[in-house]
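**Student:** Using only what follows, build the 3D model:
(2 chains)
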Number of protein chains: 2
Amino acid sequence: MIIAQKFGGTSVGDADRIANVANRIKMYYDQGHSLVVVVSAMGHTTDHLIDLALKVNPNPSKREMDMLLSTGEQVSIAVLAMALERIQVPAISFTGGQVNILTDEKHSDARIQEIDASVLLKAMKEKKVCIVAGFQGVDKEGNITTLGRGGSDTTAVALAVAVKADECEIYTDVDGVYTTDPNKVPTAKKIERISYEEMLELARLGAGVLHSRSVELASKYGVVIHVRSSFNNSTGTLVMPEEKVMEKVLVRGVTLKSDEARMSAMDIPDRPGLAANLFGRLAQANVNVDMIVQSGGKNSLNTISFTLPESAVTNAKTIVEAFLKETGGTMELDQNISILSAVGVGMKSHSGVAASMFQALAKQNINIDMISTSEIKISVVVKKDQGKKALEAVHEAFGLGQS
Amino acid sequence: MIIAQKFGGTSVGDADRIANVANRIKMYYDQGHSLVVVVSAMGHTTDHLIDLALKVNPNPSKREMDMLLSTGEQVSIAVLAMALERIQVPAISFTGGQVNILTDEKHSDARIQEIDASVLLKAMKEKKVCIVAGFQGVDKEGNITTLGRGGSDTTAVALAVAVKADECEIYTDVDGVYTTDPNKVPTAKKIERISYEEMLELARLGAGVLHSRSVELASKYGVVIHVRSSFNNSTGTLVMPEEKVMEKVLVRGVTLKSDEARMSAMDIPDRPGLAANLFGRLAQANVNVDMIVQSGGKNSLNTISFTLPESAVTNAKTIVEAFLKETGGTMELDQNISILSAVGVGMKSHSGVAASMFQALAKQNINIDMISTSEIKISVVVKKDQGKKALEAVHEAFGLGQS
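**Tutor:** As a prediction, this is how the structure comes out:
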């Protein structure tokens, strides 16, 4: 088998952990598999490099930041290759550029455009384990670029596609993807199989484990991702095409985001183009809006409500106030909210899911401020201090907890 | 003017020092010069990386070591470029590979074979200060190589040649090249001008400031090297063609090496090929022999003496003992020695230099164990505990001290 593996920063956090990772790789190698291994920077390396940069320049150019940060992964690949050499596993390390990971020119958030796998295939033919720096590539001028948050996951999936890997294992510090955050709900259960769509929704809702861009890529090429822990040998979560996810459930997982705020533009005229105008301005200012709800009011006046990260509130306030000056209307801001979401492809065909969710909340006397639904997701806004109780109730209502 | 500058690890040791270096570069840039700046890894970065490597593998492959160590310089170039951006100096950083520093494949001690300066010339035309990682290149397969000790000096000189620089400034933590080590002889004086040949001899004798390979390269292409301090603005030492070194002196500098040993193969047959045999074996075992002296003994028996680094003694002993088993003869080892050398192109035409040196030593009652001379160098072996006194006497005898 050809297997792509990715080890995150925690998994290669120090010399001992690197030796552990090497032993795991050796196990696969001894079984005769061909391996392409992607690694992130060790532990807090990236943070330290950022600190160093900010000391000399509070606002460094993104090109130089990429030049700097890409060294973190380069250290990891060299050290992991050395650890493998020590236990007689032939290994060779490669930077992103050396294995032709060609990206666009958007420094700090580049997209992979093309991978020429010939270098990797040659090394694999020579029975070498290929260790590739995650998170980085080069643009067509040869400048070093980085892929942004979670970029190493994307590298792993992209390389899995390029070398036609049979599986892509993403090793992390948790056992897999859970029905909800086990730190918030102790009965949370590991999910065995999850569809790309569900994983994408969960990733967007902040279920950290996988970055959404890597899931999109895996979905596009049908790569099965196995999310698992580098600290034990148990099976983790398989992220795969919907039709292969055997166990059908209504709701796969539940998430709670508590660093959000709700903003409303109230009593604005019911005129075409106003919403486009408002959200166009917000997008231009890079304000990441999540839920959007519009409800008709009385007297042909409308109210548009949306949620946004708390960190974007100051910025958004200025924009909304300017907008309301032109249209008329008032602004309302609520920073005391949480967003609770239930995700599952089963919702597509079962209309009762929303009702079950609302019932579960009602039973706990939890008021719903805002509702938004998509094909496989229902999100509700609740008061922040009721967030945890709401999460537990919904998690339980859909039978997600451990029995 | 086109100026190549090199800043060593101490000069870029922390954020403040990097800001200092940036200010110095700005001064040159504001005067309208085109600059190619080579930097080493910050402070003790390289040592820390080596420590990390040895933790996972006591004997890592040189390829992976090069992959690892080259990150040190990459961090420096990015951070220096950021520091320049902060003070409005347009700058762009490059790894060795990005500016096409092509080397042979000898990892950890590679030689530069070719530099295609087009990338640098383009950036210079765009009025950007080019910041290049010292010490590193790539072989023709794209593997990262490093140039060995003092490699950044070599990078600076090689780039000076490639971009046809008018001057090559090597910034370091001392004021320039001294007549002898100021820590040993307080009256040691800064040398204003020195020929390539003299600098080469001094470098080989351990006068740290410049690495001999960089001097060889400068000599080959007639590049004037200006060795100076990054902590002040005073003129340092110019390393240049002999004919341009105006001030003629008999002896330019004096050095003392105290980590050497003397080994003798005594009473061996006087037969052709025996010396070649012995030193061939030593060379094959990478024993770096410095002085070699052969003197005819009685009864057609010879004695061959040579000096070698103390660290190579164990290794060499085995070889010499095996050799003597075949030829007959006995071994003598003296680890209590120092090598004192006087260097100067003036010696070429003045035969009295050796005599003056011996007289100066005799006056101090210092016994000479071994003598070896070359065109511009005289080396003598003295007892280790007399080394410092001998150094002072010879330094004084040739009028090298400050008046």
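
**Student:** three-state assignment of A:Asp267?
**Tutor:** Under the three-state scheme (DSSP: H, G, I helix; E, B strand; the rest coil), the conformation of A:Asp267 reads as strand.

**Student:** how close does it sit to A:Thr235?
**Tutor:** If you measure A:Asp267 against A:Thr235 using C-beta to C-beta, to the nearest Å, the figure is 55 Å. (Each C-beta comes from the backbone N, C-alpha and C, glycine too.)

**Student:** what about those two, which has more around it?
**Tutor:** Comparing A:Asp267 with A:Thr235 by other C-beta atoms under 10 Å in any protein chain shown, the one with more neighbours is A:Asp267, at 16 against 12.

**Student:** Name the residues of chain A found near chain B, please.
**Tutor:** For chain A, the residues in contact with chain B (C-beta under 8 Å from any C-beta of the partner chain) are A:15, A:18-19, A:22, A:49, A:52-53, A:55-61, A:63-65, A:67-68, A:70-71, A:74-75, A:77-79, A:81-83, A:85-86, A:92-93, A:95, A:97-98, A:142-144.

**Student:** Next step: those residues restricted to strands.
**Tutor:** Restricting the residues of chain A next to chain B to those inside strands, with DSSP state E as the criterion, leaves A:92-93, A:144.

**Student:** Enumerate every residue touching the residue nearest to A:Leu35 when sequence neighbours are not counted.
**Tutor:** Closest residue to A:Leu35 apart from its sequence neighbours, by C-beta to C-beta, 6 or more residues apart in numbering or on different chains: A:Val129 at 4.7 Å. Each residue near A:Val129 by C-beta atoms under 8 Å, 6 or more residues apart in numbering or on different chains is listed here: A:25, A:29, A:35, A:37, A:84, A:89-92.

**Student:** So which of those residues sit within helices?
**Tutor:** A:25, A:29, A:84 (DSSP state H).

**Student:** Restricting to C-alpha, output the helix or strand where A:Leu340 lies in PDB.
**Tutor:** If you go by DSSP states H and E, A:Leu340 is part of strand A:330-343. Only the C-alpha atoms of strand A:330-343 are listed here, as PDB (Å, rounded to 0.1, in the frame of the first residue of the first chain):
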ATOM      1  CA  THR A 330     -31.000  51.100  14.400                       C
ATOM      2  CA  MET A 331     -28.300  48.700  15.500                       C
ATOM      3  CA  GLU A 332     -28.600  46.100  18.200                       C
ATOM      4  CA  LEU A 333     -25.500  44.200  19.500                       C
ATOM      5  CA  ASP A 334     -25.600  41.100  21.700                       C
ATOM      6  CA  GLN A 335     -22.200  39.800  22.800                       C
ATOM      7  CA  ASN A 336     -23.700  37.400  25.300                       C
ATOM      8  CA  ILE A 337     -24.400  34.500  22.900                       C
ATOM      9  CA  SER A 338     -23.300  31.000  21.900                       C
ATOM     10  CA  ILE A 339     -24.000  29.200  18.600                       C
ATOM     11  CA  LEU A 340     -25.100  25.600  18.900                       C
ATOM     12  CA  SER A 341     -25.000  23.500  15.800                       C
ATOM     13  CA  ALA A 342     -26.100  20.000  14.900                       C
ATOM     14  CA  VAL A 343     -24.600  18.400  11.800                       C
END
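
**Student:** buried stuff in it?
**Tutor:** By neighbour count, and taking 16 or more other C-beta atoms under 10 Å in any protein chain shown as the criterion, the buried residues in strand A:330-343 are A:334, A:337-343.

**Student:** what does stretch A:206-215 give?
**Tutor:** A:207, A:209-215.

**Student:** Just the terminal-to-terminal distance for that stretch.
**Tutor:** The straight-line separation of the ends of stretch A:206-215 (C-alpha to C-alpha, to the nearest Å) is 14 Å.

**Student:** same deal with stretch A:365-382?
**Tutor:** According to C-alpha to C-alpha, stretch A:365-382 extends 11 Å from its N-terminal end residue to its C-terminal end residue.

**Student:** in that stretch, what's buried?
**Tutor:** Buried-residue list, stretch A:365-382, by 16+ other C-beta under 10 Å: A:366, A:369-370, A:372-373, A:376-382.

**Student:** Equivalent analysis for stretch A:85-102, please.
**Tutor:** If you call a residue buried by 16+ other C-beta under 10 Å, then stretch A:85-102 has these buried ones: A:85-86, A:89, A:91-102.

**Student:** picking that back up, which one of the buried residues of strand A:330-343 is nearest to chain B?
**Tutor:** Compare each of the buried residues of strand A:330-343 with chain B using C-beta to the nearest C-beta and the shortest gap goes to A:Ile339, at 37.6 Å.

**Student:** Wait, the closest one touches A:Asp290, no?
**Tutor:** Yes - in terms of C-beta atoms under 8 Å, A:Ile339 counts as a neighbour of A:Asp290; the distance is 6.9 Å.

**Student:** mind listing what A:Ala81 touches?
**Tutor:** Counting by C-beta under 8 Å, 6+ apart, A:Ala81 touches A:91-93, A:131, B:61, B:64, B:67.

**Student:** Which members of the residues you listed define the maximum pairwise distance?
**Tutor:** In those, two members sit farther apart than any others by C-beta to C-beta. They are A:Ile131 and B:Ser61, at 12.4 Å.

**Student:** which of those two has more neighbours?
**Tutor:** Comparing A:Ile131 with B:Ser61 by other C-beta under 10 Å, the one with more neighbours is A:Ile131, at 30 against 19.

**Student:** ok so A:Val380 is a helix residue?
**Tutor:** No - inclusion of A:Val380 in a helix is not indicated when three-state DSSP is applied; the result is strand.

**Student:** partner residues bridging it?
**Tutor:** When bridges are assigned using DSSP bridges, the partners listed for A:Val380 are A:Leu340, A:Ile371.

**Student:** What separation is there between it and A:Ile339?
**Tutor:** Between A:Val380 and A:Ile339 the distance, using C-beta to C-beta, works out to 7 Å.

**Student:** what does A:Glu247 give?
**Tutor:** Between A:Glu247 and A:Ile339 the distance, using C-beta to C-beta, works out to 27 Å.

**Student:** List the residues that contact A:Glu247.
**Tutor:** Contacts of A:Glu247 were listed using C-beta under 8 Å, 6+ apart, and they are A:192-193.

**Student:** Tell me the secondary structure of it, please.
**Tutor:** On the basis of three-state DSSP, A:Glu247 is classed as coil.

**Student:** gap between it and A:Ile92?
**Tutor:** Distance from A:Glu247 to A:Ile92, by C-beta to C-beta: 40 Å.

**Student:** Check A:Ala156 too.
**Tutor:** 17 Å.

**Student:** how about the helix or strand of chain A with the lowest mean pLDDT: buried residues?
**Tutor:** When the helices and strands of chain A are scored by mean pLDDT, DSSP states H and E, strand A:292-296 comes last with a mean of 80. By neighbour count, with 16+ other C-beta under 10 Å as the criterion, the buried positions of strand A:292-296 are A:Val293.

**Student:** Need the CA coordinates for it. CSV is fine.
**Tutor:** Extracted as CSV, the C-alpha positions of strand A:292-296 are listed here (Å, rounded to 0.1, in the frame of the first residue of the first chain):
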residue,chain,number,x,y,z
ILE,A,292,-27.5,35.4,8.5
VAL,A,293,-31.2,35.7,9.2
GLN,A,294,-33.6,38.2,7.7
SER,A,295,-37.2,38.5,8.9
GLY,A,296,-39.9,40.8,7.6
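
**Student:** So which residues make contact with that strand?
**Tutor:** Taking C-beta under 8 Å, 6+ apart as the criterion, the residues outside strand A:292-296 that touch it are A:270, A:275, A:279, A:302-306, A:370-372.

**Student:** Can you give the strand pairings for that strand, parallel or anti for each?
**Tutor:** Counting by DSSP bridges, strand A:292-296 is paired with strand A:301-309 (antiparallel).
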